[in-house]
Each structure stands twice: as structure tokens, then as C-alpha cells.
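Student: I would like to see how this sequence folds:
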Amino acid sequence: LRDLRIVDPACGSGAFLVGMKQVLTELYQKLSDDPDYSTDYSLKERIINENLYGVDIKDWAIRVAEFRLWLSLVEGEEEIPEQRPVLPNFSFKLKVGDSLVQKLDDEFVALDSISRTLSGETGELFTELKDLKTRYFEGEEELQEEIEEKQVELLKTHIDNLIENLTPDTNQFTLNGGKTDDGLDEDVKARIERLEEVRDAIDEAGDIEFFMWDVDFSDVMLDGVFDIVIGNPPYVRQREIIDQGIHPDRLDAMDDDEVSRLKSEYKNDLVSYVEETFDISPYKRSDLYVYFFFKGLEVLRDRGTLTYITSNSWLDVNYGQRLQEGLLKYADLQYLLDNRAGPIFDEADVNTVITSAQRTVGDSTLSGTTSFIKFTEYYEKLVRSDVMTTALLSEGDMSTLSYRGEIINYSQIEQGRHVTLSETTLWRLG
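Tutor: Numbering: from 1, shown residues only. Below is the predicted model of the structure:
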């Protein structure tokens, strides 16, 4: 549990992070002989420090998330702890920034997944950074600048090591002492060039406020990335998609043509990000949450778990086909929980689905099975261990039917139906 790394890439006011903190405290309690273990302040503090991360484009949302986590720390405490400061600093746990698009000077900046492994001297820097962040979390606020510098140093050193490892020692020396690259094939040359561009862009950014997963969460991204991605990505229709970092007052002052241009540019960036990272071309008509699925997959380790609550529109609209393709190619799509009783959230009149998938790195095998679970009652009346165990885990008495030449298994469950299909069947059905 202490090694578990969980992130919400659109954390908003932090509701899901607080919920995961509660889940982890309960798991620790089940593993402990002490019945009061889960209410221990130091345990809750350690969970937040070691396990939880969040990003949101809105500064005010991050401030609210910090406040909610602080409140969750002291909840149930009869006395305020004597330690000082009482409340930890979350500045390197919760970050303000764009989770989806990382660009500097109009160029995308990100390491590819095979680059996110520690090697050489980066290990020592990594250990130093983790220690600095722990001390900062515990109240040594004067370490902030040193941590920010160490994060950049760690990533640049890591990139330099990658470039060095890609460059064979057999290269010939030129007359001025430089090395030729005669021994490098075109793919290696291109990768080295890309790494150099990333390194230089980070170096030139200087003090620019810019969120980058590999810099701001380097203690995770260079150590195997995340184990769990959770979230309720924002419900933004494709016609309203625009860089959420632009202040509303600034948008109000723009004419319609300028706003349209910014919307088009940002949607092009989103599409380009998915194309470059996954070799899939999402439709520009896609709603914003679709891109959060791809980002979630990108920052997950192999067999890491993604669980989102989103609109269910991707299941039956044309633009959902690209997301369906991505989930089958780059994940084991395990569960889809569809609630037909009505909207889950009062503030959003959207029919939702809970999607759970495990990231798969490498060639897709389509070897898994996907469960479609439809409930006809609100979740608050169903979230009991007996109901959910039956719905998620029990095979029960399954019946079969034939659909377009494919075999589908199904069974009735309390307030709903459970349908299972192999991933190969899903792929063939399109």
C-alpha cells in the first residue's frame, strides 16, 4: 500500500482524492490488529504524502482540494496534534495546470513511456528529491525553490543519460573532437533528436509557469508512473472546448472570430497529442472527457487501473469509436457500469457510465473479457458489499444468446443485468 501511487488528472475540489484516502485508511485498518489504526493522524498524513496526487486547470479548485484534504486529516481527531505545522503543505501533491496538452514554444513536450525508467546517476537525484519533498510536506517551506530546481535537474540528467545510452561508443571522432553518428540508424537518430528537443525546451522554459507530468511529478513518473488513475473528467461538449486556462474575463473581451480560432487551435492540439502518443486519430467532434481517457492510459504503468465516471455518450456515438479502439488496443476493458435510473450528479444532466480498465503495454492481445453491468436503481441504494460482489465478481447462472454471429453471456442481478463479452467479440462487432 505504501508504494501505491494514485492520481486524479481533473481533481476539481478533491472529492475523489478524499474518497481514496478513506479507502486506503480502511485497508490499513483491515491489515492491522489495532481497531483505532485508521483514525491515526500520522497514518492519514502519510497516505496523502505517499499515495495521492492531483491536477486541475483551475487554481481555485486546487485550493479547495487542499482545504478538503486538510479537513479530512483532522476529522475524527479529539485533539489537534501538537506537531508544527499542524497542516502539511500540498504544493507538490496538487498542481495547477493543463493535464492534457504540454507545449512549449508550440512544441509538445513529453517523454515517451519507455524513457520513464530510472538509470545511472538519476537514482541518487531521485532519492534526494523524494527526501526534499517529504520535508517540504512536513513544513520546511523554504525548500520550495530547491525542489523546483531539483525536479528540472533530475529530468535533464535523466534525458542526458538516455541520450548517452543511445549513442554507441564505436562512433568515429571528427577533427574538432566531436562524434559522428554514422553508427546510428534513423529511428535512434530521431529518438535522440526528440530527447534533445525536450531537454532544451525544459531548459529554456526557465521560470515560466508550466505543468509537465515528468517534471512536477518526477518522483512518480521516473519511477514506474502511476498505479491508479481515477476521476470525473469535466463535461465539456466539443463545440465549447477551449484552453481552460484562459481567464473568462479575457474570453469575454474577445470577438467571436478570436474565440473560434482559440477553440480550433486547442482542439487541434488535443487531436495531435493523441495521434503522436497512441497513433489513433480521434474525431474533432469528441467531447473533452475522451482525451482524459488517453491521458489516463499514458500515465499508467503496465497493469495499472483506470476508473472514470463520464458521460456514456462514447458508447453509442460516432466519435466514441476512436476511444473504443484505444481502450481495446491499450488496455483490458474490464467493467462498464451503466446506471439507467437517472443522472448521478445533480449539477450535470448527463447520463453516466463508470469505466474500469487495466493498462496493457505492448502488443494488444484482446485476451480479456468485458462486463457490461446495467443498474435500474440509484447507486446509493446499491452500494452494498453483497450487491456489488454479485454484480462485479459472480458468474452466477449465465444464459447465452447469439448476436450477429457472436455469443454473448448474460444474467439477471439485483436491480439490473450483467452481460459479458470477450474483447475479441467486441473488436469484431466494431
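
Student: where does the stretch 201-350 of the chain have low pLDDT?
Tutor: 204-209, 346-348 (pLDDT under 70).

Student: tell me where it has strands.
Tutor: 226-231, 300-311, 331-339 (DSSP state E, counting those that start in this stretch).

Student: helices of this protein, start to end?
Tutor: With DSSP state H as the criterion, the chain has helices at 15-30, 41-51, 59-74, 122-137, 144-166, 186-205, 213-216, 218-221, 248-252, 256-278, 288-298, 320-330, 385-393, 423-429.

Student: now the angle from the fifth one to helix 186-205?
Tutor: With axes from the mean of the first three to the mean of the last three Cα atoms, to 10 degrees applied, the angle from helix 144-166 to helix 186-205 works out at 160 degrees.

Student: and helix 144-166, what's its mean pLDDT?
Tutor: The pLDDT scores in helix 144-166 average 80.

Student: about what we covered before: got a markdown table for the helices of the chain, with distance to Arg5 and mean neighbour count too?
Tutor: Glycine gets a C-beta too; all of them are placed from N, C-alpha and C. Formatted as a markdown table, the helices of the chain follow (distance: least, Cβ to Cβ, whole Å; neighbours: other Cβ atoms under 10 Å):
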| stretch | distance to Arg5 | mean neighbour count |
| --- | --- | --- |
| helix 15-30 | 11 | 17 |
| helix 41-51 | 7 | 18 |
| helix 59-74 | 16 | 17 |
| helix 122-137 | 12 | 17 |
| helix 144-166 | 16 | 17 |
| helix 186-205 | 22 | 15 |
| helix 213-216 | 12 | 22 |
| helix 218-221 | 5 | 22 |
| helix 248-252 | 33 | 9 |
| helix 256-278 | 20 | 15 |
| helix 288-298 | 13 | 24 |
| helix 320-330 | 19 | 19 |
| helix 385-393 | 24 | 13 |
| helix 423-429 | 27 | 16 |
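
Student: Phe345: which of those helices is closest?
Tutor: Proximity to Phe345, assessed across these by Cβ to Cβ, is greatest for helix 15-30 (10.7 Å).

Student: quick check: angle from that closest one to helix 41-51?
Tutor: Using the same axes, to 10 degrees: helix 15-30 against helix 41-51 is 120 degrees.

Student: okay, the strands of the stretch 201-350 of the chain, which one's buried deepest?
Tutor: Ranked by mean neighbour count, these are led by strand 226-231 with a mean of 23 (mean count of other Cβ atoms under 10 Å).

Student: elements contacting that strand?
Tutor: Taking 3 or more Cβ pairs under 8 Å, 6 or more residues apart in numbering; DSSP states H and E as contact, the helices and strands that strand 226-231 lies on are strand 6-8, helix 15-30, helix 288-298, strand 300-311.

Student: which helices and strands does the third one pack with?
Tutor: I take that to be helix 288-298. strand 226-231, helix 256-278, strand 300-311, helix 320-330, strand 352-359.
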